[in-house]
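1. Predicted model and sequence follow; I will ask about them next.
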Amino acid sequence: MKADRRGLLLGVALLAAALALLLLGAAVGSTGFGSVFAAHQDPVAWQILRDIRLPRTVGAWAAGALLGLAGAVAQGLFRNPLADPYLLGSASGAALAVAAVLALFGASPFATHWLVRLGLTGAAFVGAVTGVLLTILLANGVLHTLRLLLAGVIVGVVLGAARDLVTLAAPDILQAMQSFMLGSTGFVGWVACGVMGALLVPLVAVAWALGRMLDGLALGEATAASLGLPLPFLRIVLVGVLGLATGAAVAQTGLIAFVGLAAPHLVRSVAPVPHGRLAVLAALMGGTLLMAADVLARWLIPPQELPVGVLTAVLGGTYLLWLMHRRGRRGGALA
């Protein structure tokens, strides 16, 4: 009961923090805080607020929520606290697809023209899902978790090498690829927010519904099988949730590090709840983390912006190092 109450309080706090960050995100930008106060009488300021700042801030939350959800699912599926959403080759597949499109058509990964944007976004999503499917094919299905994990590592390395070969063959795309690899929320619009939101809601619902099965799987595969859990079906659905959530986020924002890895850890450190609630809270935590990083990326060195993926890597990596140090002094494992 105490953990459930702490989980409820954490969820309310994360929603309140997201609302506060939404208001702050609407005010932070290259034109300064004053534009948000002038929006009611200045058409240009209103357009900046409506078409740039608000969708970017909401999109950062949606992408972070998808990554947080994917991280919780990955850690539950592999029973490994260091599992992250990119383990099954989705990141490498998305990067390879974007590199191939850039080499063929020569567009920026965050170009504003909607035809180019749609093509790159679709390529990233297809590449991410293809990477996951290749991992499943190499692992001969999803029956063995360890084989699936090793196959994901191999697919990630191979697709990453293929991306490097494409970049070497077309060196003019190197700067554009760097933007994708570092991650950015700068050109997320309302359409992208709608796509991510439409996927987030059912994926969270599925993860919540499978929470009890994940709790059983945490006891070990043999124990879970003895309890009568349908492990093959469970793995198929969880891999689908993981692939779709990661692919949708990567397609819109590029590769953003550590959000999916750190969000479940932060939730567990505050409220050690079962996997169903963990998936929901990790989504809320991931959204809040990426929204905060996006606001910070705009605020630190205005009018320039830092790549949000760099900030999440620095902040998330620092947190995990501190957590490992603290747990190491206590003689415990990272969990």
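-> Sure, I can see it.
2. Tell me which helix or strand comes right after the helix or strand bottoming out on mean pLDDT in the chain.
-> Lowest mean confidence among the helices and strands of the chain (mean pLDDT, DSSP states H and E): helix 34-37, at a mean of 51. Once helix 34-37 ends, the next helix or strand along the chain (criterion: DSSP states H and E) is helix 43-48.
3. Which secondary structure elements does that following helix sit against?
-> Packing partners of helix 43-48 (3 or more C-beta pairs under 8 Å, 6 or more residues apart in numbering; DSSP states H and E): helix 34-37. Where C-beta positions appear, they are placed from N, C-alpha and C, glycine not excepted.
4. What segments of the stretch 101-250 of the chain are helices?
-> Along the stretch 101-250 of the chain, counting by DSSP state H, counting those that start in this stretch, helices occupy 114-138, 145-169, 174-182, 190-209, 211-217, 221-226, 231-253.
5. Out of the ones you listed, which gets nearest to G64?
-> helix 231-253 (7.8 Å; C-beta to C-beta).
6. how about that closest one: buried residues?
-> 231, 234-235, 237-253 (16 or more other C-beta atoms under 10 Å).
7. Please identify the most buried of the helices of the stretch 101-250 of the chain.
-> helix 231-253 (a mean of 24; mean count of other C-beta atoms under 10 Å).
8. quick one on the thing from earlier: make JSON lines from the helices of the stretch 101-250 of the chain and add distance to L82 and mean pLDDT to it.
-> JSON lines is the format used below for those (distance: least, C-beta to C-beta, whole Å; pLDDT from 0 to 100):
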{"stretch": "helix 114-138", "distance to L82": "18", "mean pLDDT": "78"}
{"stretch": "helix 145-169", "distance to L82": "11", "mean pLDDT": "89"}
{"stretch": "helix 174-182", "distance to L82": "21", "mean pLDDT": "82"}
{"stretch": "helix 190-209", "distance to L82": "19", "mean pLDDT": "92"}
{"stretch": "helix 211-217", "distance to L82": "17", "mean pLDDT": "84"}
{"stretch": "helix 221-226", "distance to L82": "19", "mean pLDDT": "76"}
{"stretch": "helix 231-253", "distance to L82": "15", "mean pLDDT": "86"}
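9. looking at the ones you listed, which is closest to A27?
-> Nearest of the helices of the stretch 101-250 of the chain (C-beta to C-beta): helix 190-209, 18.8 Å.
10. Which other helices and strands does that closest one contact?
-> Short answer (3+ C-beta pairs under 8 Å, 6+ apart): helix 190-209 packs on helix 54-78, helix 231-253, helix 275-299.
11. got the contact list for that helix?
-> 51, 55, 58-59, 62-63, 65-66, 69, 72-73, 121, 237, 241, 244-245, 248-249, 252, 275-277, 279-280, 283 (C-beta atoms under 8 Å, 6 or more residues apart in numbering).
12. just to revisit the earlier point, present the helices of the stretch 101-250 of the chain as CSV; the columns should include distance to V12.
-> Shown next, in CSV, are those (distance: least, C-beta to C-beta, whole Å):
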stretch, distance to V12
helix 114-138, 33
helix 145-169, 34
helix 174-182, 33
helix 190-209, 17
helix 211-217, 20
helix 221-226, 32
helix 231-253, 23
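13. Out of those helices, flag the one nearest W46.
-> helix 190-209 (14.8 Å).
14. when you compare where that closest one runs with where helix 275-299 runs, what's the angle?
-> Using axes from the mean of the first three to the mean of the last three C-alpha atoms, to 10 degrees, the direction of helix 190-209 lies 150 degrees away from that of helix 275-299.
15. let's have the chain start at 622 instead
-> That works, and once the first residue is 622, the last one we named lands at helix 811-830.
16. Return the distance of helix 811-830 from the chain's centre.
-> Counting by C-alpha atoms, centre = their mean, to the nearest Å, helix 811-830 is centred 12 Å from the centre of its parent chain.
17. do stretch 705-725 as well
-> The mean C-alpha position of stretch 705-725 is separated from the chain mean by 14 Å, C-alpha atoms, centre = their mean.
18. Tell me the buried residues in that stretch?
-> For stretch 705-725, burial by neighbour count (16+ other C-beta under 10 Å) applies to 705-724.
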